[in-house]
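**Student:** Here's my sequence, what's the structure:
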Amino acid sequence: MRTVRFHQYGGPDTLRVDEVPDPVPAAGELLIRVEAAGIGFADLQLRSGALRAWAPGLPLPYNPGHEAVGTVVDAGAATALIGTRVMVVSPAGGAYADLLTVPEAAVVPLPDGVDAHHALALLGQGTTAVGVLDKAGVAPGERVLVEAATGGVGSLLVQLAKHAGAEVIAAVHGEAKAAVARDLGADAIADLTDPEWAAGVGPVHAVLESIGGPVTRTALGLLQPSVGRMVVYGDLSGLPHAIDTETVYLRALSVLGFATALMPPERLAPLRDRAFALAATGTLKPLIGSTRPLTEAAAAHTAIESRTTIGKNTLVP
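**Tutor:** Down below sits the predicted model:
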């Protein structure tokens, strides 16, 4: 089978398509024929080496990809599952491939009427978006700054915050993405390509923080004293979150963290189910970005790093 791997840490050009033997599922595992694999930002960070502190023992060569939709083709003793279309969160990666082995507990049947790309847009990012908004406790009438508002999670957060009755300010890079954010329902735009982007934002009740670096510092300064809260759930810039604890103290702010990777499955499942339920009613409309073949995995990573993509980006065998 074909698999996309990097043999050393580095840029997108380290990704290459290798031919390897078909995997054989162990006891308690399923073999999935991949229909589509989701590209997560963690995949880029693993490839670059930015997550070596979290994953120091990463085996090289490594096949990234933690989200997939596909069909069960080998289920060991659980033969009734063969032929079932499923969604997968693979704890060990491996989804950028024709075939994928995963623990049986890692798969969820694909809901009727949901295509693979929409499922991937909701599986990880939808779970995160619902959890982040819960953590922020957004109330009707509040003003909320959503960073990376046209990304996989950000685009869903814009919609969820609007559904909660908030006034949404979308932080984006450039006018093309500003237009996308407005279509998603954003009330105002903060263009991060403008050094003075925060000047017209005004005070906000909540910041949904996913960029890091100077953007975090500026966004923290926009929070209203005593009621302002920031939920940190990503670092797209690769820079540390510049959070001044003295500012947090003197202005009585709240800074909260949210990381799906650290949550047990029993806490993630209800968040995921709510995301799919909201999509089924039309409240959430996942933003689908590019769909590329496995052979273009490097180009897909390059596009995401250059901030030219929107929504959920996927690879197909």
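
**Student:** Helix or strand: which one has the most far-flung residue of the chain relative to its centre?
**Tutor:** Ranked by distance from the centre of the chain (Cα atoms, centre = their mean), the top residue is residue 77, with 33.6 Å. Under DSSP states H and E, no helix or strand contains residue 77.

**Student:** And it, how close does it get to residue 233?
**Tutor:** Distance from residue 77 to residue 233, counting by Cβ to Cβ, to the nearest Å: 39 Å. Using the backbone N, CA and C atoms, a C-beta is placed for each residue, glycine as well.

**Student:** cool, residue 115 as well?
**Tutor:** Residue 115 sits 26 Å away from residue 233, going by Cβ to Cβ.

**Student:** now residue 144
**Tutor:** 14 Å.

**Student:** cool, and residue 94?
**Tutor:** Note on residue 94: its distance to residue 233, by Cβ to Cβ, is 24 Å.

**Student:** try residue 146
**Tutor:** Applying Cβ to Cβ to residue 146 and residue 233 gives a distance of 11 Å.

**Student:** Common neighbours of the two, please.
**Tutor:** Jointly contacting residue 146 and residue 233 under the rule Cβ atoms under 8 Å, 6 or more residues apart in numbering are residue 208.

**Student:** out of those two, which sits in the busier spot?
**Tutor:** Legend: neighbour count by other Cβ atoms under 10 Å for residue 146 and residue 233, higher for residue 146 (35 against 21).

**Student:** so what's that one up against?
**Tutor:** Residues in contact with residue 146 (Cβ under 8 Å, 6+ apart) are 154, 157, 158, 161, 168, 169, 170, 171, 186, 208.

**Student:** The residue nearest to residue 21 when sequence neighbours are not counted and residue 117: what is the separation?
**Tutor:** In space, and not counting its chain neighbours, residue 21 is closest to residue 1: 7.6 Å by Cβ to Cβ, 6 or more residues apart in numbering. Separation of residue 1 from residue 117 (Cβ to Cβ): 22 Å.
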